[in-house]
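1. prediction below, plus the sequence it came from.
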Amino acid sequence: MNTYTAITIGPIIKTLSLARKPRELWSASYLFSYLMKCIIDTIPENYDIVSPAKLSEKIVPVGLYPDRVFVKNLVLTEAQDIIEKAKIQFASELKLNNALKDYFNIMSVSIEASTDGEAVSTLNQKLDVLELCRIPAKDQSIQEILDLIKRKNRSPLFQVAFGKDYFPIEMLSNIASVELSILKPDEWDNAKDQSNEDDIFYQLLKEKCKDDFKTYHKYICVVQADGDNMGSIISRIPKGELSNLSKDLLNFGKQTCKLIKIFGGLPIYAGGDDLLFIAPVVGKQSQSIIRLLDDIDKNFETIRDKVQQFNLQKDGESLFTSMSYGVSISYYKFPLYEALESARNLLFEKAKKVNGKNALAWNLQKHSGSSFGGQFSKSDLVFNQFNEVIRTTAKDNLVTAVAHKIRANKSLLALWKDKETDHIVLRLNAFYDQTMEFNSKSKAEQGYLTATKNLLLELYQIKDIDRITKDMYGMLRTAKFIKGEEDSYE
């Protein structure tokens, strides 16, 4: 048996909710990653940090440290000394006074355990309970943190992360419209140089880019992602493998940040399998947000394959891991903290509850007030058919007609939900021939109708007709949006 001690920090979600701009959201997140860095750097080298893996870089422009650290052979009294030393360094670097007294919740707990996995699993449970006992912060401490994360220039956080005293990342409008920085680079740069507000930027950009400007250029995606079953995996991982897995997760976080930046997004946090970022609906290479999530999944294959090699079991079934996502798509004026809360709820209340996990849950909140979305497992054929619908999406009037006709004929479609697949195929073919007037359409339109029919067929596996028609409507409207509506559409 060995002694294991865990240290946790907060309040993270409360602080993130203070953010109103991308810069502020990044600052609020990085604040805690840097606090954890100060704690980890203060732990003497003769102690074994089980998780997370330690960063070797001095300049790290995104939060890569999680809110918990687990240390072997460290007793509680020594942990308290480490925390106090780290707090002094943290406050000195960031020039904090009042906030250090009562804003940050830094707590620790120790147990005896025989393996790293057992220790981390038990400590996580204890920390979950411990975090319910939080110290209320005084108004002056909250204001000090608010002043820090709202800094535009000369923030010590910028100096620590970028080695410079200004924030080198764009406004929401710049992120949302980043596709035009490639399609119309001179026009995009010119609009950016002449404006320091989103509204002015868009006014100039629409004038300069004309028909290339689409509705989605005014929308951003807030994405929250998390690895599936990692808690169960960590508690069962073979002895000596947890540290190696922590290193792999750290590398996954780094590589994912690169993918997000290449796409044109802003990484906020990448603590192993836990991700938070802002991204455009369509990125620099005119690929949709769905493609970025697919690239992140491919990047996660190293972690997935390693876990599979362990042959771990839970309740007689093999344990696997994958990435699940909550994607909130909203207008650039939509409150950022609400989009953040929406993404979190989509991940944990919908995607994580999809049978088999490995899921995507999304919601598109239109500026007009309407909203639609859905959720499904990416391992299902639904995901492939959804991508096919995006690829073949036709003119606006046909897309709208298909979506509305499916909703209007819900009662008819419900008659087939418990039938055999061959029967459903036969009925769907007749439905598309008669109601959708399939044979009178052009070849391109028939391609789109075929894709929607195949998607609807896969959705019949759900059985619940309300869910089938709702998800189908959400997918068709989302595909139409991603494909590119003219800005005048709204």
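-> Received the coordinates, thanks. On a predicted model such as this, the values are computed, not experimentally measured, just so you know.

2. for the stretch 51-200 of the chain, which spans come out with low pLDDT?
-> Counting by pLDDT under 70, the stretch 51-200 of the chain shows low-confidence ranges at 169.

3. if we use 90, what do you get?
-> Residues of the stretch 51-200 of the chain meeting the criterion pLDDT under 90: 56-60, 97-101, 130-137, 152-153, 162-170, 196.

4. tell me which stretches of it form helices.
-> Residue ranges of the helices in the stretch 51-200 of the chain, as given by DSSP state H, counting those that start in this stretch, are 76-94, 99-102, 116-130, 139-149, 156-162, 172-176, 180-183, 185-193, 198-209.

5. tell me what the fourth one is packed against?
-> It stands for helix 139-149. Applying 3 or more CB pairs under 8 Å, 6 or more residues apart in numbering; DSSP states H and E, one finds that helix 139-149 makes contact with helix 22-42, helix 99-102, helix 156-162. Where you see a C-beta, it was placed from the backbone N, CA and C, and this is true even at glycine.

6. before we move on, the earlier item: out of the helices of the stretch 51-200 of the chain, which is closest to D433?
-> With CB to CB as the measure, helix 180-183 is the member of those nearest D433 (39.3 Å).

7. mind exporting that closest one as CSV, just the C-alpha atoms?
-> These are the backbone C-alpha positions of helix 180-183, laid out as CSV (Å, rounded to 0.1, in the frame of the first residue of the first chain):
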residue,chain,number,x,y,z
LEU,A,180,-13.2,34.4,-46.1
SER,A,181,-9.7,35.0,-45.0
ILE,A,182,-8.7,32.3,-47.5
LEU,A,183,-11.4,32.9,-50.2
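
8. identify all contacting residues around that helix.
-> The contact list for helix 180-183, computed with CB atoms under 8 Å, 6 or more residues apart in numbering, reads E187, W188, D189, L205, C209, D212, F213, H217, G264, K284, Q285, S286.

9. repeat that with 7 Å
-> Identification of contacts with helix 180-183 by CB atoms under 7 Å, 6 or more residues apart in numbering yields W188, L205, C209, D212, H217, K284.

10. so of the helices and strands packed on helix 139-149, which one's packed in deepest?
-> Highest mean neighbour count among those (mean count of other CB atoms under 10 Å): helix 22-42, with a mean of 22.

11. returning to what we had before: filter the contacts of helix 180-183 down to the buried ones.
-> Among the contacts of helix 180-183, the ones that count as buried by 16 or more other CB atoms under 10 Å are W188, L205, C209, D212, H217, K284.

12. enumerate every residue touching the first one.
-> In other words, W188. L180, S181, L205.

13. give me the neighbour count for S177.
-> S177 has 34 neighbours, counted by other CB atoms under 10 Å.

14. assign the spatially closest residue to it that is not a sequence neighbour to helix, strand or coil.
-> Nearest residue to S177 in three dimensions, chain neighbours excluded: H217, at 4.2 Å (CB to CB, 6 or more residues apart in numbering). With DSSP: H, G, I helix; E, B strand; the rest coil as the basis, H217 sits in helix.

15. V178 is in contact with H217, correct?
-> No - using CB atoms under 7 Å, H217 is not in contact with V178, being 8.8 Å away.

16. quick revisit: how close does the residue nearest to S177 get to S181?
-> Computed as CB to CB, to the nearest Å, the H217 to S181 distance reads 11 Å.

17. could you do K353 as well?
-> Here K353 is placed at a distance of 38 Å from S181 (CB to CB).

18. these two: which is more packed in?
-> Taking neighbours as other CB under 10 Å, K353 and S181 compare with S181 leading, 18 against 12.

19. how close does the residue nearest to V307 when sequence neighbours are not counted sit to Y30?
-> Once flanking residues are discounted, V307 sits nearest to T321: 4.9 Å by CB to CB, 6+ apart. With distances taken as CB to CB, T321 is found 27 Å from Y30.

20. hang on, the earlier thing: could you export the contacts of W188 as CSV, including distance to T393?
-> Shown next, in CSV, are those (distance: CB to CB, whole Å):
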residue, distance to T393
L180, 20
S181, 24
L205, 24
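
21. and of those, the nearest to I40?
-> Nearest member of these to I40, counting by CB to CB, is S181, at 36.8 Å.

22. picking up where we left off before, correct me, but the residue nearest to V307 touches D305?
-> No - T321 is beyond contact range of D305, at 9.8 Å (criterion: CB under 7 Å).

23. looking at the two, which is more packed in?
-> For T321 versus D305, the count of surrounding residues by other CB under 10 Å is larger for T321: 21 against 10.

24. I'd guess the more buried one is in a strand, am I close?
-> No - assessed with three-state DSSP, T321 is coil; it does not lie in a strand.

25. CA atoms only for stretch 131-142 - export them in CSV, please.
-> Output of stretch 131-142 as CSV, limited to C-alpha atoms (Å, rounded to 0.1, in the frame of the first residue of the first chain):
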residue,chain,number,x,y,z
GLU,A,131,-15.7,20.3,-4.0
LEU,A,132,-19.2,20.8,-2.7
CYS,A,133,-17.7,22.7,0.2
ARG,A,134,-16.6,25.9,-1.4
ILE,A,135,-15.5,29.1,0.2
PRO,A,136,-17.7,32.1,-0.8
ALA,A,137,-15.6,34.8,-2.3
LYS,A,138,-15.8,38.5,-1.3
ASP,A,139,-16.9,41.1,-3.9
GLN,A,140,-13.4,42.7,-4.0
SER,A,141,-11.9,39.3,-4.9
ILE,A,142,-14.4,38.6,-7.6
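
26. which parts of it are buried?
-> By 16+ other CB under 10 Å, the buried positions in stretch 131-142 come out as E131, A137, S141, I142.

27. who's in contact with that stretch?
-> Applying CB under 7 Å, 6+ apart, the external contacts of stretch 131-142 come out as T8, G10, P11, N98, A99, K101, D102, Y103, N105.

28. having no further points to raise, I will conclude here.
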